[in-house]
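Asks: Structure, please.
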Amino acid sequence: MNNRRKSKLVLRIVLLGLTVVVLTAVLVFGIAGRRWLRLGGYYSGSQYYQAGGSAVAASGLSTLEIHWESGEVRLVPTDGENVVFREPEGLPEDQQLRYRLEDGRLIIRYGPSGLSLSATAEKTLTVEIPRQLALSQLELDLVSAHVQAQDLTVPQCEVDTVSGDVNFTGCRFTEVEVDTVSGDFCLTGQVDSLEMDSTSGDLALTLAAVPRQIDGDSVSGNFTLTLPPSAAFSVETDSLSGGFSCQFPTEIQDGRYICGQGGGVFQFDSVSGSVYLISSGNAPENQ
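Replies: Below you'll find the model as predicted:
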């Protein structure tokens, strides 16, 4: 493992410890005062945002950017012509989401800019996305919020999460970048290139085709790839104590595991995280 990767892993261990301390303090504060401290922070241009759920025309929209702190985000395909987003009804304005539409980018945020006290610990955001909408980019910035999405086709996807899990079902991406502390990332579908940096969050991919490239770094997070039985790939792993398991026939060449001719190029580095390569022909039905 090179020095740059070692430095990144050490930094992630430190950040994980700090995150645990901060979240514990917030929890204690919330329980004691029956109010919850929002740590969403400040964002620029807050005066241009509008409050509450709404609907915007899909025409001309290229990027969907969501910042959500806690609760859940649901991305649902629809046959409509508008992107419709909503949260629980009846919230006072100072606890409602904020949104902004600028130059083909729809930005949705959990609440107003700045720190605040709220009686609502978490809330659910539902976004209805027209199937006809050809998004070019999806950006998710999460704290502890979980994401459920299905049947999306987007060239570029960026996910930044602290502890929230992200689950994509039946989705197709060209490039995916994931940065997580302890949140898991799961994808069933297709992806051409994926890069993941994790402290303890796991990666689980069940893919219909072999990706061109996967690059994963973790401290203790595991990497699980389920690929077609005919998959061809090369994989290199570098770990202090993590294991490696592969259901495909491989041979070792220059420190890399080679399966078939050509195919994807995979690189995994970890401290104690393990790598599992599973053939979909051998995977259990609920895999």
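
Asks: how many other residues sit next to the closest residue to G60 other than its chain neighbours?
Replies: Counting by CB to CB, 6 or more residues apart in numbering, G60 lies nearest to G104, which is 5.5 Å off, once chain neighbours are set aside. In this view, the C-beta of every residue, glycine as well, is placed from N, C-alpha and C. If you count neighbours by other CB atoms under 10 Å, G104 ends up with 13.

Asks: how about the nearest residue to Y48, chain neighbours excluded?
Replies: Excluding the flanking residues, the one nearest Y48 by CB to CB, 6+ apart is R100, at 5.5 Å.

Asks: Please name the bridge partners of the one you found.
Replies: I107 (DSSP bridges).

Asks: Was I right to think the residue nearest to G60 contacts S62?
Replies: Yes. Look at G104 against S62 with CB atoms under 8 Å: they come within range, at 4.1 Å.

Asks: and the residue lying closest to A149 once chain neighbours are set aside, how far is that from S220?
Replies: Nearest in space to A149, with sequence neighbours left out and distances taken as CB to CB, 6+ apart, is L75 at 3.7 Å. Distance, L75 to S220, by CB to CB, to the nearest Å: 29 Å.

Asks: Check G45 too.
Replies: The value you get for G45 to S220, if CB to CB is used, is 38 Å.

Asks: So which of the two has more stuff around it?
Replies: Taking other CB under 10 Å, G45 and S220 do not tie; S220 has more neighbours (21 against 10).

Asks: surely the more buried one meets L240?
Replies: No. At 10.5 Å, S220 and L240 do not qualify as touching, with contact defined as CB under 8 Å.

Asks: Between the two, which contacts overlap?
Replies: S270, V271, S272 (CB atoms under 8 Å, 6 or more residues apart in numbering).

Asks: Emit the PyMOL select command for whichever of the residues you listed are buried.
Replies: In PyMOL, the members of the shared contacts of S220 and L240 classed as buried (16 or more other CB atoms under 10 Å) are selected with the following command:
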select buried, resi 270+271
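
Asks: Tell me the one of the shared contacts of S220 and L240 nearest T226?
Replies: Nearest to T226 among those, counting by CB to CB, is S270 at 19.0 Å.

Asks: For A231, see how far away the closest one is.
Replies: 22 Å.

Asks: show me where pLDDT drops low in the protein?
Replies: 1-41, 116-121, 283-287 (pLDDT under 70).

Asks: how is it carved up into domains?
Replies: By the assignment in automatic domain parsing, the chain contains the domains 39-140, 151-287.

Asks: among those, which is the most enclosed?
Replies: Looking across those with neighbours counted as mean count of other CB atoms under 10 Å, the highest average goes to domain 151-287: a mean of 18.

Asks: Give me the distance between it and the centre of its chain.
Replies: 13 Å (CA atoms, centre = their mean, to the nearest Å).

Asks: check contacts around P228.
Replies: Applying CB under 8 Å, 6+ apart, we find P228 in contact with L207, A208, A209, V210, S279, S280, G281.

Asks: now, among the residues you listed, which is nearest to Q253?
Replies: Taking these together and measuring to Q253 by CB to CB, the closest member is V210, at 18.1 Å.

Asks: got the contact list for stretch 256-263?
Replies: 210, 230-237, 244, 246, 248-252.

Asks: among those, which two are most distant?
Replies: S230 and T237 (22.2 Å).

Asks: so which helix or strand takes in L133?
Replies: Using DSSP states H and E, L133 falls within no helix or strand.

Asks: Which residue, neighbours along the chain excluded, lies closest to it?
Replies: L133's closest residue in space is A58 (CB to CB, 6+ apart), at 4.3 Å.

Asks: Tell me the spacing between the one you found and T126.
Replies: 16 Å.

Asks: Then P228?
Replies: In terms of CB to CB, P228 sits 33 Å off from T126.

Asks: re the thing from before, could you dump the shared contacts of S220 and L240 to CSV with distance to Q132 and secondary structure?
Replies: CSV is the format used below for these (distance: CB to CB, whole Å; DSSP: H, G, I helix; E, B strand; the rest coil):
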residue, distance to Q132, secondary structure
S270, 41, strand
V271, 45, coil
S272, 45, coil
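
Asks: ok, and the closest non-adjacent residue to E251?
Replies: I258 is the one closest to E251 (CB to CB, 6+ apart), at 5.4 Å.

Asks: Helix, strand, or coil at the one you found?
Replies: Following DSSP: H, G, I helix; E, B strand; the rest coil, I258 is assigned to strand.
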